[in-house]
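>>> okay, sequence plus prediction incoming.
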Amino acid sequence: MFKFKAYLPVCALSLIALLSACNESVPNDFKEKGTYQLSVKKGGIATFSLPQNKSTGYELCWMNESKLVRQFKLEGIKSMLKDPNNVDGGGETVTYQVLATETGKDTLKFNQCPTRLWQKDCEFFAVDSVRVLENGAITSTYAPHLHGDYQVVITVTE
């Protein structure tokens, strides 16, 4: 009986450590639409996660990626389904890894775009205009200061 009492706390601590290690959450897991601040050193990688649910017909698109190619380089994207049973329609978390190549402060803008509904990719929507479907035709309106659903403001220091 004495040996069992001694091993119980060790087993409990081991189980807690194991469960903590299995949690793949990212410290910068942004679940709600809004503006978020991050800091990183030049040459470092900023990592953050945003929600997405492609089953709705919308995909998360980095709207101003082409304008920030000198400041940031996309190092990787990883998707993880939110539903542990991998049920389609449960949504997913998309984790971005962005390499900071220049010092300064810039805003990365992300929007939920109707890629599946319109049969277009993110590049189609990542422009300085708002594209809408009117009477079966796609029309564009110039909007250079279009607000992103998710804005990640990254400050890069030396």
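All right, it came through fine. Numbering: from 1, shown residues only.

>>> could you pull out the strands for the protein?
Using DSSP state E, the strands assigned to the chain run over residues 34-41, 45-52, 59-62, 72-81, 92-100, 104-113, 129-134, 137-142, 150-157.

>>> out of those, which is the most enclosed?
Mean neighbour counts were taken over the strands of the chain using mean count of other C-beta atoms under 10 Å, and the top value, a mean of 22, falls to strand 59-62. All C-beta spots, glycine's among them, are computed from the backbone N, C-alpha and C.

>>> low-confidence ranges in this structure?
Using pLDDT under 70 as the threshold, the predicted model of the chain has low-confidence ranges 1-26, 83-90, 128-131, 138-146.

>>> follow-up on the earlier one: what's the closest of the strands of the chain to E123?
For those, the distance to E123 is smallest for strand 59-62, at 8.4 Å, taking C-beta to C-beta.

>>> who touches the closest one?
Outside strand 59-62, the residues that touch it by C-beta atoms under 8 Å, 6 or more residues apart in numbering are 50-52, 74, 94, 96, 108-113, 115-116, 122, 125-126, 150.

>>> before we move on, the earlier item: out of the strands of the chain, nearest to P27?
Each of these has some distance to P27 by C-beta to C-beta; the shortest is strand 45-52, at 7.8 Å.

>>> redo the strands of the chain as a markdown table? Include distance to P27.
What follows is these, written out as a markdown table (distance: least, C-beta to C-beta, whole Å):
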| stretch | distance to P27 |
| --- | --- |
| strand 34-41 | 10 |
| strand 45-52 | 8 |
| strand 59-62 | 19 |
| strand 72-81 | 15 |
| strand 92-100 | 11 |
| strand 104-113 | 17 |
| strand 129-134 | 33 |
| strand 137-142 | 37 |
| strand 150-157 | 13 |
